[in-house]
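A.B. asks: Sequence plus the predicted model coming up.
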Amino acid sequence: MKGFYTLVFLVLIYCSYAQHGNNVSAANALATKNPINGIRIAWDHSTLKQLSLAEARYSGYARMIKLHDGVLYCVYESDKAVLAINSADGGRHWSRPVVVASPKNNIACAVPEVLQLQDGSLLVSYNLRPPANNNNPEKRFSIQVRRSLNGGTTWSQPVEVYKAGHEFKNG
């Protein structure tokens, strides 16, 4: 089953890679390299399935867990927002994305992480990232957490658990 999670994660990364003007030939070139210590991972390109929205300019940094009820739950960055999808059939079919966190005031929501608590609720944490050229001290880097009590259908208001500086070097 670990192989399946790795495959889905790689699919999300590949989709992000492909959306930036790159193509499958680069991935094929990697698949033909010599094994290291007898090990080489080769991707069966016939299994590729894009899970992120096709119209997204960027999607990446996917994290996936298996919930207590067996559902696969995945959070990822997409166009400065954090989205979540799930699959109840082992990854054959996926839900439409649910927005966990949206950018506000040109501050991106990035690098999400997800976990399920013993009571079944979900926590998603993510970074708030102002633009690289930010000089507004009101727009600070921070970490926020949201909780869902209904399997990720709706989310609580964000709770800020860490606040950093407003400059990239202090974020």
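C.D. replies: In hand now; what should we look at?
A.B. asks: contacts, neighbours, all on C-alpha from now
C.D. replies: OK.
A.B. asks: Spell out which helix or strand contains the residue nearest in space to the middle of the chain, please.
C.D. replies: Centroid-nearest residue in the chain, with Cα atoms, centre = their mean: Tyr76, separated by 1.7 Å. If you go by DSSP states H and E, Tyr76 is part of strand 72-78.
A.B. asks: pLDDT averaged over that strand, what's the number?
C.D. replies: Per-residue pLDDT over strand 72-78 has a mean of 96.
A.B. asks: Name the SS class of the nearest residue to the residue nearest to the centre of the chain once chain neighbours are set aside, please.
C.D. replies: Once flanking residues are discounted, Tyr76 sits nearest to Ala62: 4.2 Å by Cα to Cα, 6 or more residues apart in numbering. What DSSP: H, G, I helix; E, B strand; the rest coil gives for Ala62 is strand.
A.B. asks: Tell me the spacing between Ala62 and Arg140.
C.D. replies: Ala62 sits 24 Å away from Arg140, going by Cα to Cα, to the nearest Å.
A.B. asks: same deal with Glu167?
C.D. replies: 7 Å.
A.B. asks: Of the two, which one has the most company?
C.D. replies: Taking neighbours as other Cα atoms under 10 Å, Glu167 and Arg140 compare with Arg140 leading, 22 against 19.
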